[in-house]
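J.: Here is a sequence together with a model predicted from it:
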4 protein chains.
Amino acid sequence: MVRVGVIGYGYWGPNLVRNFADVPETRVVSVSDTRIDRLRVAERRYPGISLTTDYRELITNPDVDAVAISTPVSTHFQLAIDALRAGKHVLVEKPLTTSSVEAECLIEEADRRRLTLMVHHTFVYTGAVRKIKDLVAGGRLGDIYYYDSTRINLGLFQHDVDVIWDLAVHDLAIMDFVLPARPCAVAATGISHVEGGTENIAYLTAFFSDSIIAHLNVNWLSPVKVRRTLIGGSKQMIVYDDMEVSEKVRVYDKGITVENGSEAAYKMLVNYRAGDVYAPALDVTEALKLEVQHFARCIETGSKPLTHGESGLRVVRMLEAATRSMKSRGRLVELEADRDVEVLSASV
Amino acid sequence: MVRVGVIGYGYWGPNLVRNFADVPETRVVSVSDTRIDRLRVAERRYPGISLTTDYRELITNPDVDAVAISTPVSTHFQLAIDALRAGKHVLVEKPLTTSSVEAECLIEEADRRRLTLMVHHTFVYTGAVRKIKDLVAGGRLGDIYYYDSTRINLGLFQHDVDVIWDLAVHDLAIMDFVLPARPCAVAATGISHVEGGTENIAYLTAFFSDSIIAHLNVNWLSPVKVRRTLIGGSKQMIVYDDMEVSEKVRVYDKGITVENGSEAAYKMLVNYRAGDVYAPALDVTEALKLEVQHFARCIETGSKPLTHGESGLRVVRMLEAATRSMKSRGRLVELEADRDVEVLSASV
Amino acid sequence: MVRVGVIGYGYWGPNLVRNFADVPETRVVSVSDTRIDRLRVAERRYPGISLTTDYRELITNPDVDAVAISTPVSTHFQLAIDALRAGKHVLVEKPLTTSSVEAECLIEEADRRRLTLMVHHTFVYTGAVRKIKDLVAGGRLGDIYYYDSTRINLGLFQHDVDVIWDLAVHDLAIMDFVLPARPCAVAATGISHVEGGTENIAYLTAFFSDSIIAHLNVNWLSPVKVRRTLIGGSKQMIVYDDMEVSEKVRVYDKGITVENGSEAAYKMLVNYRAGDVYAPALDVTEALKLEVQHFARCIETGSKPLTHGESGLRVVRMLEAATRSMKSRGRLVELEADRDVEVLSASV
Amino acid sequence: MVRVGVIGYGYWGPNLVRNFADVPETRVVSVSDTRIDRLRVAERRYPGISLTTDYRELITNPDVDAVAISTPVSTHFQLAIDALRAGKHVLVEKPLTTSSVEAECLIEEADRRRLTLMVHHTFVYTGAVRKIKDLVAGGRLGDIYYYDSTRINLGLFQHDVDVIWDLAVHDLAIMDFVLPARPCAVAATGISHVEGGTENIAYLTAFFSDSIIAHLNVNWLSPVKVRRTLIGGSKQMIVYDDMEVSEKVRVYDKGITVENGSEAAYKMLVNYRAGDVYAPALDVTEALKLEVQHFARCIETGSKPLTHGESGLRVVRMLEAATRSMKSRGRLVELEADRDVEVLSASV
């Protein structure tokens, strides 16, 4: 039984608390928020838990084994490093930090103290993304050709981060989980339509050393909500539409084959295959429930989370590169080679 | 009555011939194609017209007033310049030419000879795009914020042009027609998955001197066919989905308003409006029919076509810039300032 | 402030309790359920309220002003009549009772005691249905021609009622609210695919004295979930698709006009109009919240609820007639003329 | 090589002529129509064929082996019987005749003369319906539970037939082809909204001796076009949506299982299965092309067409029964037992 304290009871905090309260592996001991009215809401729902406006009280509470951080991104680093130094395991809302330097610092601190550091890349725990991971890892798609995502809607304009840090972060986390390779360079373009505001529309292309290309289209100013990702392979292709009530993942047995006959010197022959389409049944367990259980298990066994701080770091590096590229209207920004980290298996 | 000769009876040629034959303003006098079997097909359908494998015969035919060219892009310039020099009015399949130098040359030749030079930007003549033009020009959208198009499907891989010249050309032609401003720079990224082939996936961002951004996502390797364009404005927004059987154009009374109160020093206040959605009834006349009638009227009155060679030139310049940018993985390529050409009115 | 007791804490009960607890007009005083484990769940969430396995305790509780009943339909009558006799106002889950005799009895009891009797026809309080009511009442559709609804999905097979009592009841309640006339006869057909079970697929046609026809298609054995209603009028037509995330209500400016010229003796001339389509913005307040507030207001002012027991009675009469017709494979069953009850206004 | 004469060059006639002209198995020899202007259109497109305003000339033409009839339904019988008596094979537009007596008469005449009599149930020859037939016949769906079709759109109001004879005829023909059993009774309801007109909205339920039910919803006054059929089985279920550009047929591995344990005396236990969904690749050959080739092959080999006159007769019997039921607002009308006709195999 892991005893959890949750910092931040705003938008996501209540969902975290509810799941930590519901599963048998964890118990909610304390909640902190700087806003008294939010604490009152928590108190009404969970009488008996400790409440505080000072997060320091929560992280030094000896009844707390692990801390979940659900606050604005600019505060993540300070809260997380303090919690680690107080000897607590830490789960941090995405993106992990505002810079890769901070993320590296958290990883080192957690490693040194043998504490679990996990980032809340929540899509990784959905039935849809886990199914996609299985299909890709199992070779069903063949060689991966592209990852193309559209993630657009009206609002919510953020004050401290741009649309890439707010929306593209989800795709970068999914890519980090499902793709067999990692990007080596990024180019991004974007625009702000609010004076003094951050970019509210942006387009990001990620390049890989092999034949993969990834592209993300994110927009806070779209009249329609779209959450659609295409993953193309040499054998099969996936359309993942998160707005579908059911059949979120469709697998298309379609593609091309290229003939290189004697004529090929003059004319390339591309043939098209159009086979069946199928939509696999998906596990519909709430992602957050699986995630808090996975967090508890990693703490108890010392195993590495699927969304360890290192995946948080890789995502932050891509976000940093994208922001840099966007400031120079699409200049290519190379990514440093990763520390050697294996791609983790899909078993949650 | 304009007497027309059509060069090229492959994919689009038969549609051109059918429309020239059907409307009272034009008559088909001659068809040329290098392939005998294609000429036989034309003959069976239109007994009595002159047929030839040598286009020179067609353009020197004194019974021909105007020539329509529906051949691979690499041949456009030679055929068009020869036809103009033979004193014929010319309608050319998109893209107008393979280079802006060629396009400029055609425009000059046509101007000097007072001949009509028109490019087949067919979407400009659809009920959907004409309605969008009306909405934008009438100020219904307010300031334009973005144009974002996805034009993807499986096939047909082209041998001589990349996916931008094949698919993005449609969006560039639509943008040239409906947007109140013209791009000043372009950045594009792409990839080829066929050895020795051209790029089959590409992403293009166009920048404007004001707050507009345009983005095109084109792909020959998508398992699903998508033809969807979003046009966002400060007042209203449009979703144009060409795959819809009806309601291709939807207008959303949605957007944001930004308050600049005293608090604004600390915190920007973005409010959201979500009003009605409406789908205007569209003229469903076949675009090609309107286009051939417009061509005939321009020839007879000497007026300038909606899709004059100059719009063809502007589109070719953007295509050239995009290809150059793509070769350097997204480097920004500035567009030369246009010659001073007014944006034409929407009245077909 | 109305003090409420809720009987039944199963599927809908928790939603009722949550809404009664959230709005300032009401307070939850007591919950009863025969199942101890359900009471425990209620206790964890709402410490301090009175809990009992004996509903009699709840309805005789002097702190309770009004009782909400959320139990299987076979128990509605007994619970409601007891509550009314104990002097409590009553809100009953749909359908009101298992027979019209019982419904009449409840209405009389409530009338005699000047107590509020309301039935939980929840769709009446949704933004979509209220908008439809406004459009119909405002004459936007012209003469109503038909109401055609498909309400199908997989499960939940009910033990005590057939699919008409479970699903068509929603449409009958909506029809009772939005249509300008009431059916005079019903024909229904259906089938059971489970031995000893009730009908799991059924089709109901309702006839009116004028040119309206209504048709309901309900099915517990559909692989896809559909919630779609068409309402056709002489001027405009509505498509109400409750599975849409937004744009649930679309209004089509389409229809026919019939010419009766001199030729009409030989040949009727039907012309078609195809104008704009629009989707009005809808109030997205939770229906149940509006409903519990409306219940409280009716209790305090003595005004008649939009979904008074009489609408519950009219719906039960149609359900009875449908069941009778279905047993004889579609024989027409006449409905008794209603007591003279005005159609209530749409203002919630 | 079968030499064909086509009577009627209105809406469908040109498609018939085009296909008879295109395939190598047949040749078009003659076209007749009472309207000179229609003959002129045919002449322009097919110079050299014989044209006549008198169908008698066509059916007595010794160069004609087979006659295709594409005229209003009220004329089918006279034209077909005359053609058969002149020794010609006959293909008739659906519905075969206006009465079962007429249909029986045609079948007898064709049998006696050993001529091919085929009805144009065109959906039977589509890739979608043939795939459905294969799935049903192969046992993939298990026991069939229901066939539920919605076939609605705006227009075209017919003068001589009601909406059942115009639209439901398609579903009755598909049911006749794909279902393993035949209806024994029919109930139908409907309404007319045009004075003196036929029913423009109708609902038809067909009963079978076993657990199958079929239901058809047809409407000429719908603002949206819907062509959707659900076929439910004990193992799998099909959704056939003819408005989809691709994936017209989807197979759902969903259903229920009923447990009959010791508890079952008190409570039936229905469990739900929700497995994968798949959309098989479909043959996209034009149905009419396959149909005319099949007609030619049956003539040459003497084999029985998939859509022999007998299927036309069965469909007409259901139409007659539906009309009779509709006139009495849904009264059940029993169908005479069929002559013993095997269900034909799906191999086209």
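T.: Received it, and whenever you're ready, just let me know what you need.
J.: which residue does the stretch 101-250 of chain A bring closest to chain D?
T.: Closest residue of the stretch 101-250 of chain A to chain D, Cβ to the nearest Cβ: residue A:247 (5.6 Å). Using the backbone N, CA and C atoms, a C-beta is placed for each residue, glycine as well.
J.: Just the pLDDT at residue A:318, thanks.
T.: Per-residue pLDDT puts residue A:318 at 97.
J.: Setting aside sequence neighbours, what's the nearest residue to residue A:300?
T.: Residue nearest to residue A:300 in three dimensions, not counting chain neighbours: residue A:2, with 7.1 Å by Cβ to Cβ, 6 or more residues apart in numbering or on different chains.
J.: Would you mind listing what in chain A touches chain D?
T.: Within reach of chain D by Cβ under 8 Å from any Cβ of the partner chain, chain A has these residues: A:246-247, A:253, A:274-281.
J.: Now the buried members of those residues.
T.: Buried subset of these (neighbour count, 16 or more other Cβ atoms under 10 Å in any protein chain shown): A:247, A:253, A:274, A:277-281.
J.: for chain A, longest helix please?
T.: Identified as the longest helix of chain A according to DSSP state H is helix A:309-327.
J.: Please list which of the buried ones among the residues of chain A next to chain D are also close to chain B.
T.: Among these, the ones lying close to chain B by the criterion of Cβ under 8 Å from any Cβ are A:274, A:277.
J.: pretty sure residue A:20 is in contact with residue A:29, am I right?
T.: No: in this structure residue A:20 lies outside contact range of residue A:29 using Cβ atoms under 8 Å: 9.4 Å.
J.: from the chain's centre, how far out does stretch A:159-175 sit?
T.: Stretch A:159-175 sits 8 Å away from the centroid of its parent chain (Cα atoms, centre = their mean, to the nearest Å).
J.: Contacts only, for the closest residue to residue A:91 other than its chain neighbours.
T.: Nearest in space to residue A:91, with sequence neighbours left out and distances taken as Cβ to Cβ, 6+ apart, is residue A:68 at 4.4 Å. By Cβ atoms under 8 Å, 6 or more residues apart in numbering or on different chains, residue A:68 lies in contact with A:4-7, A:16, A:20, A:90-92.
J.: any idea how far chain C is from residue A:68?
T.: Plainly put, residue A:68 is 21 Å away from chain C if you go by Cβ to the nearest Cβ, to the nearest Å.
J.: got the angle for the lengthiest strand in chain A vs strand B:221-233?
T.: As assigned by DSSP state E, the longest strand anywhere in chain A is strand A:221-233. Interaxial angle, strand A:221-233 versus strand B:221-233 (axes from the mean of the first three to the mean of the last three Cα atoms, to 10 degrees): 170 degrees.
J.: Where does chain A get nearest to chain C, which residue?
T.: Nearest residue of chain A to chain C (Cβ to the nearest Cβ) works out as residue A:47 at 5.9 Å.
J.: what about that residue, is that helix, strand or coil?
T.: Three-state assignment for residue A:47 (DSSP: H, G, I helix; E, B strand; the rest coil): coil.
J.: Which residue is the nearest non-sequential neighbour of it?
T.: Nearest residue to residue A:47 in three dimensions, chain neighbours excluded: residue C:47, at 5.9 Å (Cβ to Cβ, 6+ apart).
J.: Just the CA trace of stretch A:129-139, in PDB.
T.: Extracted C-alpha coordinates of stretch A:129-139, given in PDB (Å, rounded to 0.1, in the frame of the first residue of the first chain):
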ATOM      1  CA  VAL A 129      -2.000   3.500 -27.700                       C
ATOM      2  CA  ARG A 130      -1.000   0.200 -26.100                       C
ATOM      3  CA  LYS A 131      -2.700  -1.700 -29.000                       C
ATOM      4  CA  ILE A 132      -0.800   0.500 -31.500                       C
ATOM      5  CA  LYS A 133       2.500  -0.300 -29.600                       C
ATOM      6  CA  ASP A 134       1.700  -4.000 -29.900                       C
ATOM      7  CA  LEU A 135       0.900  -3.700 -33.600                       C
ATOM      8  CA  VAL A 136       4.100  -1.800 -34.400                       C
ATOM      9  CA  ALA A 137       6.400  -3.900 -32.100                       C
ATOM     10  CA  GLY A 138       4.900  -7.100 -33.500                       C
ATOM     11  CA  GLY A 139       5.900  -6.000 -37.000                       C
END
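J.: where exactly do the strands run in the stretch 151-300 of chain A?
T.: Taking DSSP state E, counting those that start in this stretch as the criterion, the stretch 151-300 of chain A carries its strands at A:185-191, A:201-207, A:213-219, A:221-233, A:237-241, A:249-259, A:269-279.
J.: Indicate whether the shortest one makes contact with chain C.
T.: It stands for strand A:237-241. No: looking at strand A:237-241 against chain C by Cβ under 8 Å from any Cβ, there are no contacts, and the closest approach is 12.3 Å.
J.: so what strands line up beside that strand?
T.: Take DSSP bridges as the rule and strand A:237-241 pairs in its sheet with strand A:221-233 (antiparallel), strand A:249-259 (antiparallel).
J.: okay, the strands of the stretch 151-300 of chain A in CSV with distance to residue B:305 and mean pLDDT next?
T.: Written out in CSV, the entries for the strands of the stretch 151-300 of chain A read as follows (distance: least, Cβ to Cβ, whole Å; pLDDT from 0 to 100):
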stretch, distance to residue B:305, mean pLDDT
strand A:185-191, 33, 95
strand A:201-207, 33, 96
strand A:213-219, 34, 97
strand A:221-233, 33, 96
strand A:237-241, 40, 97
strand A:249-259, 38, 88
strand A:269-279, 35, 85
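J.: Need these in JSON lines (columns: distance to residue B:52).
T.: Below are the strands of the stretch 151-300 of chain A laid out as JSON lines (distance: least, Cβ to Cβ, whole Å):
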{"stretch": "strand A:185-191", "distance to residue B:52": "49"}
{"stretch": "strand A:201-207", "distance to residue B:52": "48"}
{"stretch": "strand A:213-219", "distance to residue B:52": "45"}
{"stretch": "strand A:221-233", "distance to residue B:52": "44"}
{"stretch": "strand A:237-241", "distance to residue B:52": "45"}
{"stretch": "strand A:249-259", "distance to residue B:52": "34"}
{"stretch": "strand A:269-279", "distance to residue B:52": "30"}
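J.: Those strands: which one's closest to residue D:151?
T.: Nearest to residue D:151, of all these, is strand A:269-279, at 24.4 Å by Cβ to Cβ.
J.: Export the closest one to CSV, keeping only CA atoms.
T.: Provided in CSV are the C-alpha atoms of strand A:269-279 (Å, rounded to 0.1, in the frame of the first residue of the first chain):
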residue,chain,number,x,y,z
LEU,A,269,6.3,0.8,-61.2
VAL,A,270,4.3,1.4,-58.1
ASN,A,271,1.5,-1.0,-57.4
TYR,A,272,-1.2,-0.5,-54.8
ARG,A,273,-2.7,-3.0,-52.4
ALA,A,274,-6.1,-2.4,-50.9
GLY,A,275,-7.1,-5.2,-48.5
ASP,A,276,-9.3,-5.4,-45.4
VAL,A,277,-9.7,-2.9,-42.7
TYR,A,278,-10.1,-4.0,-39.1
ALA,A,279,-10.7,-2.2,-35.8
